[in-house]
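[1] Quick one, fold the following:
(chains A and B)
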Amino acid sequence: MDISRRNLIKTSLAASAAAAAGITFGCKKKEPVQEPAAQQPQADTQNNNTVTVDKWVKGVCRMCGTGCSIYVGVKDGKMVAIKGNVDSKTNTRGTLCIKGMNIWKVAYHPDRLTTPLIRKNGKLEPASWEEALTLIETKFKEYHKKYGYDSVAYYGSGQCTTEESYTFNKIWKGGFGSNMMDGNPRLCMASAVAGYLSSLGSDEPAGAYEDIEKAKCIFLTGSNTSEAHPILFRRIARYKKDNPDVKIIVCEPRKTQTSLIADLWMPSLPGTDLAIFNGMAREIIKNNWHDKEFIAKHARFTSGDGSQASTFDEYIKFIDKYTPEYVEKVTGCPAAAVKQAAEWFAKSGATMSLWCMGLNQRSNGVWANNLIHNLHVITGNFGKPGADSFSLTGQPNACGGVRETGSLSHLLPGCKPVAVEPWRKHVESYWKVAEHSINPAKAINPKPGFPAVKLFASLGGENEQDKPVKAIIISTTNPAQTLPNLNKFIPNIKNAFTVVIDIFPTRTAQLASVVLPAAFLYEKGGVYGCSERRSFLTEKAVEAPEGTKPDLWIACQIAKRMGLEKYIAWSNEEDIVKMAEMAWNDYIGCTANSEKTLAGATYKRLRESTTGVQWPCPSEDHPGTYKRYVRGMDPIFDNPEKYGLKIPADADMYFYGRPDGKINVFMRDAEPKASEKISKEYPFLMTTGRVIEQWHTGTMTMRIPETASAHPNSFIEIHKNDAKKLGLSQGDMVKVESARGMNILPVKIVNMTLEGVCFVPMHDQKGNRMVNFICNDVVDATSGEPDYKVSAVKITKVSGPEKVDDRYVVTKAELDNPTFS
Amino acid sequence: MKQSIIFLTLLFSLIISTAFAQTEKVEHPLPIDGKDCAVCHAPGSTEEIPADPTAYQEWSASMHGLNNVKCVTCHGEESTFKADSDINTCLSCHPQETTVINKKVESADTALICSSCHKVHSFTVTKESKPVHTK
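    Numbering: from 1, shown residues only, chains lettered A, B, ... in the order given. Next up, the predicted model:
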């Protein structure tokens, strides 16, 4: 095809979407048609050179939960480039964001830890692996004996591979007979898990990303998709451009870049959006837009905790107080917007909701999730193309590695609660716990362990009698920066026997008793499962640096030393790839009879696949499942008895996770009772979140020159009217203070947030810019997930603009001297 | 005649700058000094020497602008700065398209780089139903 003769799109999407949304960019008018450059392109050998690599190795990006698939370019045994995978079903056409395209640079940063460290006389001193592992073995055995098996904890991550999380889970729950293990998905996804479990009876979405391009209405709430999930935003934006009639609704307190593609922005004061969801439901029913047939077949109305059945009439009565005017009063969202959103949601023909931490990280996060599911039930927006209630994950392997392997304190593999006896007995039997466990009980404990916030509140030194957990091994996460109300937890991490596995010095490593240097993802390989139930194998691309070890190898050494050599059959395998394959095979065997079955996703298949596999996938000849709960699409319908389920022969759609096959429609009060409220002393509501260039605690992204430069330090966004009241100018330094802690931050004056609402990104490692010192450690009563989204703060000017210490990272030299100022 | 002189001067400058680019590291015209690009490049800059905001305005109305593909993504930061993106930069996110371009380059078909057609900074897209860059 002759490039010079093709037609290029006349106007950009941004401009057309902006026009649709009534937004003016204020930029100069563009020429209607673009032509290629007038002059002949100059031969430029530098620009035309392609990357010369020895090989491209298949993998997945690890900088959010989208699951973008990539190829890592390797030359002379080193990573030198990344390119997107054009076959991908997640990052379609192979697009990547700035984090993904630069991710390989992380591995070669000079701050990489390459030797184990043991704290001696207050200093972390280099040690051999033998010495470090012997110390861990000695301490763990000592504490098991002195304080019981629950005194030694594991805290994992949605960034560990599935094989790693599964192995640690098996060691703790079966080998030690202790459920004292949790993971950082507790801080981001636990409310989504509890929402799916309580509403639909089974965790994770029914649909997939491909519903985006089949939807007629997309409801984005509690998510700044444009920055937190940029590649999914790109898919939505592209789809909207090609299909301007598709309605996009964005509901969140800040008018972010995401709202640029929206037909309707629904502002809501932090913590209040449950009233909007109930209000939309009321409007839908009042206007007779609800799907009566779907409700009759698939809805179970319930009040309270879900145990008591109720009726549709009772539900109508319950939501009656959420009139559009009432909603406007409590949320700040105009009544007209509630009515419009309700109409588009109900009448589109196929509506997809996508949400993220804006709903989950809340004191009423589970209820917020329930109310989104409610809207889908009453409008019949389940089980058809483009219709789904879809929770976005924040981490690359929170779904696959932690939710599906059950690596949380209350779950077992297959994401089933430890309290469910038949499944517990199955796992005990599959793992041969009675034969191998070192705990005399020889069984999995039916009582859940502590969720993250309670776990770290219960962690402490041997002299602290009120702190029952004495030792913890922390892998691939940084709780000394990510927990809320840090002042409360930092001493606990320091006082306990804390082992940290990481690739860089972190805030948590600064408090550790032992630091173990880890291998980076592309130096070991493993399976990640993203938001849409898709498991994808990253193959080992390069050798890990001398002195570092994969987490799976570390887990195996601990297992062997604790007397679980035969129990973890792959603990004696020397090749890390074979070790991972054995762990994976054990895992897919364990969950083969659950609805999360990946029995057909063998390592051989995952190696050969360029797209990955979506569960349920019961056999190697099964293609994987796009849509759950629908006969003909979901393989569970073919043989429900195998999974311990009963599905009526005439049911075309059946929510088999629930005893009656119907989705719970909950009556959830919208009042955020446990959320912090503003007061005279603390008159602003502060919310936190991501920016596109950074990820989590910046341990990786603050070490990539491009991403660090684009977002070098945190700031506080304040509405221009609030800035005026406080006498603030752009760049002024302010003290942001809650009842728990404070930050000193430069001011960014904006008009895209609501008055009285301020926002601070969460990535900065500098002590007085670590926003979690300010955040509230109140948790959702059901999920145990903390509320990072609503904190009452006061803001006072400290000085005029000052140069801040940007691109700050904890260095090796600072490991012994943690200063949080 | 006057036009010819201007054209020849521009062509000569281009050749010199291209040759320079191949041998010397390109530097940003002014020290970036840790500042966000928008500080100087966005309209309404209050800096002492503001940049021409046209490029920024075009970018912000483009697909790259909408999708938050900011300056550093293509131009690098101070230590990795490049005035023009090479194919390798585009390759990371547009593997399909650049593979086709690469083939053309390798077969000496033509000396194209992405920005030959997708003009800086008003990046555009083609309709997916009629793909230009096929596998």
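[2] For the rest of this, base every contact and every neighbour count on C-alpha atoms.
    Will do.
[3] how near is the residue of the stretch 151-300 of chain A found nearest chain B to A:Asn364?
    Proximity of the stretch 151-300 of chain A to chain B (CA to the nearest CA) peaks at A:Arg234, 6.1 Å away. Between A:Arg234 and A:Asn364 the computed distance is 30 Å (CA to CA, to the nearest Å).
[4] Over to A:Phe456?
    21 Å.
[5] Next: A:Val527.
    Separation of A:Val527 from A:Asn364 (CA to CA) stands at 32 Å.
[6] Pick out whichever of A:Phe456 and A:Asn364 has more residues nearby.
    More neighbours surround A:Asn364 than the other of A:Phe456 and A:Asn364, with 30 against 25 (other CA atoms under 10 Å in any protein chain shown).
[7] Count the neighbours of the closest residue to the more buried one other than its chain neighbours for me.
    Spatially, and ignoring its direct neighbours in sequence, A:Asn364 is nearest to A:Asp780 (5.5 Å; CA to CA, 6 or more residues apart in numbering or on different chains). Neighbour count for A:Asp780, taken as other CA under 10 Å: 22.
[8] Ok, A:Leu728 next?
    As a burial measure, A:Leu728 scores 22 neighbours (other CA under 10 Å).
[9] A helix includes it, no?
    No: assessed with DSSP: H, G, I helix; E, B strand; the rest coil, A:Leu728 is coil; it does not lie in a helix.
[10] Not counting its neighbours along the chain, what's nearest it?
    Distances taken as CA to CA, 6+ apart place A:Lys797 nearest to A:Leu728, at 7.2 Å, with adjacent residues excluded.
[11] And the one you found, how far from A:Thr602?
    59 Å.
[12] Any buried residues in stretch A:778-787, and which?
    A:778-780, A:782-787 (16 or more other CA atoms under 10 Å in any protein chain shown).
[13] now do stretch A:546-557
    A:548-557.
[14] show me where the stretch 401-550 of chain A has strands.
    Along the stretch 401-550 of chain A, counting by DSSP state E, counting those that start in this stretch, strands occupy A:411-412, A:416-417, A:471-475, A:497-502, A:514-517, A:526-529, A:534-538.
[15] Tell me the gap between the fourth one and the middle of its chain.
    Between the centre of strand A:497-502 and the centre of its chain there are 22 Å (CA atoms, centre = their mean, to the nearest Å).
[16] Mind giving me the packing neighbours of that strand?
    strand A:471-475, strand A:514-517 (3 or more CA pairs under 8 Å, 6 or more residues apart in numbering or on different chains; DSSP states H and E).
[17] The last one pairs with which strands, parallel or anti?
    Spelled out, it's strand A:514-517. If you go by DSSP bridges, strand A:514-517 pairs up with strand A:117-120 (antiparallel), strand A:497-502 (parallel).
[18] and these, which is most packed in?
    strand A:497-502 (a mean of 26; mean count of other CA atoms under 10 Å in any protein chain shown).
[19] Find me the pLDDT at A:Lys470, would you?
    pLDDT recorded at A:Lys470 is 98.
[20] one step back: need the strands paired with strand A:514-517 in JSON lines (columns: distance to A:Glu671 and mean pLDDT).
    As requested, the strands paired with strand A:514-517 are arranged in JSON lines below (distance: least, CA to CA, whole Å; pLDDT from 0 to 100):
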{"stretch": "strand A:117-120", "distance to A:Glu671": "48", "mean pLDDT": "98"}
{"stretch": "strand A:497-502", "distance to A:Glu671": "39", "mean pLDDT": "98"}
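[21] Let's have the ones you listed in JSON lines, adding distance to A:Gly349.
    As requested, those are exported to JSON lines (distance: least, CA to CA, whole Å):
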{"stretch": "strand A:117-120", "distance to A:Gly349": "59"}
{"stretch": "strand A:497-502", "distance to A:Gly349": "47"}
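[22] where are the low-confidence patches of the chain?
    If you meant another chain, say so; for now it's chain A. A:1-51 (pLDDT under 70).
[23] ah, no, chain B please
    For chain B, the ranges with pLDDT under 70 are B:1-25, B:98-112, B:124-135.
[24] Would you map the strands across it?
    Secondary structure of chain B (DSSP state E): no strands located.
[25] Where do the helices of it begin and end?
    B:2-23, B:37-41, B:54-60, B:63-66, B:71-75, B:87-93, B:95-106, B:114-117 (DSSP state H).
[26] Kindly report the same for the stretch 51-200 of chain A.
    For the stretch 51-200 of chain A, helices defined by DSSP state H, counting those that start in this stretch occupy the ranges A:98-102, A:129-147, A:162-169, A:190-199.
[27] and the second one, what does it pack onto?
    On a contact count with 3+ CA pairs under 8 Å, 6+ apart, helix A:129-147 meets strand A:152-156, strand A:471-475, helix A:551-561.
[28] mind giving me JSON lines with the ones you listed and columns for distance to A:Lys442?
    Shown next, in JSON lines, are those (distance: least, CA to CA, whole Å):
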{"stretch": "strand A:152-156", "distance to A:Lys442": "17"}
{"stretch": "strand A:471-475", "distance to A:Lys442": "22"}
{"stretch": "helix A:551-561", "distance to A:Lys442": "16"}
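[29] still on that earlier bit, mind checking which of the helices of the stretch 51-200 of chain A is nearest A:Lys89?
    helix A:98-102 (16.2 Å; CA to CA).
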